[in-house]
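**Q** Here's a sequence, model it:
(4 chains)
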There are 2 protein chains.
Amino acid sequence: MNSRRASPPAAGKQTVPAAPVASPWRSSRERLRDRAVKREAVIRAAAREFNRKGYHNTSLDDIAARLEVTKPTVYYYVTSKEQLLFQCFVAGVEQIRAAFRDVRHLEVPARERLNAVLRHYGEAVASEFGWCMVRAEDQDLSPAMSRHIKALKSEIDHGIRRLIREGVQDGSIRPCDPKMTAFALAGALNWIAHWYREDQSLTGAQIADAFVAVFEGGLRPRASATPLAARGGTRRRARRAATALTR
Amino acid sequence: MNSRRASPPAAGKQTVPAAPVASPWRSSRERLRDRAVKREAVIRAAAREFNRKGYHNTSLDDIAARLEVTKPTVYYYVTSKEQLLFQCFVAGVEQIRAAFRDVRHLEVPARERLNAVLRHYGEAVASEFGWCMVRAEDQDLSPAMSRHIKALKSEIDHGIRRLIREGVQDGSIRPCDPKMTAFALAGALNWIAHWYREDQSLTGAQIADAFVAVFEGGLRPRASATPLAARGGTRRRARRAATALTR
DNA sequence: GTGGCTCCTTACCCGCGGGTAGGATAGCTA
DNA sequence: TAGCTATCCTACCCGCGGGTAAGGAGCCAC
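**A** Presented below is the predicted three-dimensional model:
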């Protein structure tokens, strides 16, 4: 089930999106014949295209063209477009489930475990499967698959809530509403899939780190100042207009 | 340009989604004839359908059926499906722009102004235009409209960053990276559009309030405890397994 | 009452894209 | 050499849905 480690030939990282992704069919002469590898390549290619153009704007001809094969070949490895999306989703979500498993037995406060999960979460969302994982709409899927996906999402959601509750109990997280807090955290991370592009300067992990820092510390200053966000805090203002648009 | 205040007849809030939305064509006899009102009704109906089924899964026949008219009638008020999405987007984003205008001249610390904006932001995302505003993909739009939408989104993004910078300067917000912080905040709020349904218990404003509380305080406890998220914080753990799944 | 305008209809076009039918080719087995 | 299977192809089907053509019913001006 988790044989998703073996990546295809990988002909070096190419930032030019026009170039075809590393494809097992590359030299039509000496074709490899490992079915699983090819099937995986199909799923990866689909993920990339969905990522670039969205599910509905990607045709199976597009995906096939990327792999330098024809549409029926894609259908040889996959039964429908819907299943393709589903597989991409599962590939992405599996990374997050793995993160939960990894921290489950760490002997550190819950907040640190939560942070570790969120970091992997961010990486997964920034990965090539991020789009599919995050934006697979249940309206695009059959009821059965929709249920399946909802269950997986719910599992992750409740995993985060549980870590939050544990953190509140062991004192590493300040008291809060686990449900809404989980929504806020997951939402911020999910949203990465909407703006992140691989050719960006930051990696998924770096973004996740930055977000975790924001979540941990909060906006309000730690030291002293503004005792209760009280009324007349007008003082420091005034030089506002001057500094507004500079840098 | 901002004549978007006048809402149609509004025959009471109906939670049953099957029932048609309040429609000016309701009684086919005495039809109103104010063009702007009808056009607006078309846009609202489109927003509702996009919200329910997504852009690509909504046909113009669906929208027309909701209004109890035929497809060409819809085309009488709108030139294309794309424009429909764009109008929904603008309607939503205008609420947020209004929030920025409202706080611009308040004489309070920047953090409070930011909070006010985020509250309105959350309300807008939870509104009927939330889906369109947040999930309108530029891949679905012509280059021209895509540019337009990007510009509006960028304006909002930079508005948030500016408030954060000002907050850091006036001391109401602890030092942070404005860009990443803005991404985290906006992402969490945008994500509301993915899970919020109108028939839910919480209103958009309540959700936004809860999120703002999380952002402000942060996860780390305020008082004492865990000086620097240091190493061996294993102590309080142990009763973990017992309390994990209770409540 | 006639021309013209607004608004909405029925009936249609047509391309895109998911999905399939029915072979070819290549390699393995014997 | 024949035969079988795995893999990939060319050629096709067909429904959905965006968008249009053309006309008819009400209404107003003169």
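
**Q** CA atoms only for stretch A:144-157, dumped as PDB, please.
**A** Taking Å, rounded to 0.1, in the frame of the first residue of the first chain, the C-alpha atoms of stretch A:144-157 are listed here in PDB:
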ATOM      1  CA  ALA A 144     -19.000   6.600  -2.600                       C
ATOM      2  CA  MET A 145     -15.600   8.300  -3.200                       C
ATOM      3  CA  SER A 146     -16.900  11.500  -1.700                       C
ATOM      4  CA  ARG A 147     -17.700   9.600   1.500                       C
ATOM      5  CA  HIS A 148     -14.300   8.000   1.500                       C
ATOM      6  CA  ILE A 149     -12.500  11.300   1.100                       C
ATOM      7  CA  LYS A 150     -14.700  13.000   3.800                       C
ATOM      8  CA  ALA A 151     -13.700  10.200   6.200                       C
ATOM      9  CA  LEU A 152     -10.000  10.700   5.600                       C
ATOM     10  CA  LYS A 153     -10.300  14.400   5.900                       C
ATOM     11  CA  SER A 154     -12.300  14.000   9.100                       C
ATOM     12  CA  GLU A 155      -9.700  11.700  10.500                       C
ATOM     13  CA  ILE A 156      -7.000  14.300  10.000                       C
ATOM     14  CA  ASP A 157      -9.200  17.100  11.400                       C
END
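
**Q** can you count the residues close to residue A:106?
**A** 13 (other C-beta atoms under 10 Å in any protein chain shown). All C-beta spots, glycine's among them, are computed from the backbone N, C-alpha and C.

**Q** Tell me the secondary structure at it.
**A** Secondary structure, DSSP: H, G, I helix; E, B strand; the rest coil: residue A:106 is coil.

**Q** Any residue of stretch A:95-109 touching chain B?
**A** Yes: Stretch A:95-109 comes into contact with chain B (C-beta under 8 Å from any C-beta of the partner chain), by way of A:107, A:108, A:109.

**Q** end to end, how far does that stretch reach?
**A** End-to-end distance for stretch A:95-109: 22 Å, by C-alpha to C-alpha, to the nearest Å.

**Q** Show me what counts as buried in that stretch.
**A** Residues A:95, A:96, A:97, A:99, A:100, A:103, A:108, A:109 are the ones in stretch A:95-109 that count as buried (16 or more other C-beta atoms under 10 Å in any protein chain shown).

**Q** which among these gets closest to DNA strand C?
**A** For the buried residues of stretch A:95-109, the closest approach to DNA strand C (C-beta to the nearest atom of the strand) belongs to residue A:95, at 25.8 Å.

**Q** what pLDDT does the nearest residue to that closest one once chain neighbours are set aside get?
**A** Spatial nearest neighbour of residue A:95, excluding adjacent residues (C-beta to C-beta, 6 or more residues apart in numbering or on different chains): residue A:124 at 4.0 Å. Note for residue A:124: predicted pLDDT of 95.

**Q** Show me what the strand or helix carrying residue A:124 is packed up against.
**A** In the assignment (DSSP states H and E), residue A:124 maps to helix A:110-126. When contacts are defined as 3 or more C-beta pairs under 8 Å, 6 or more residues apart in numbering or on different chains; DSSP states H and E, helix A:110-126 sits against helix A:81-103, helix A:130-135, helix A:143-170, helix A:178-190, helix A:192-195, helix A:204-217.

**Q** The closest residue to chain B within chain A and DNA strand D, how far apart?
**A** For chain A, the residue closest to chain B is residue A:218, as judged by C-beta to the nearest C-beta, at 2.4 Å. Relative to DNA strand D, residue A:218 is positioned 44 Å away (C-beta to the nearest atom of the strand, to the nearest Å).
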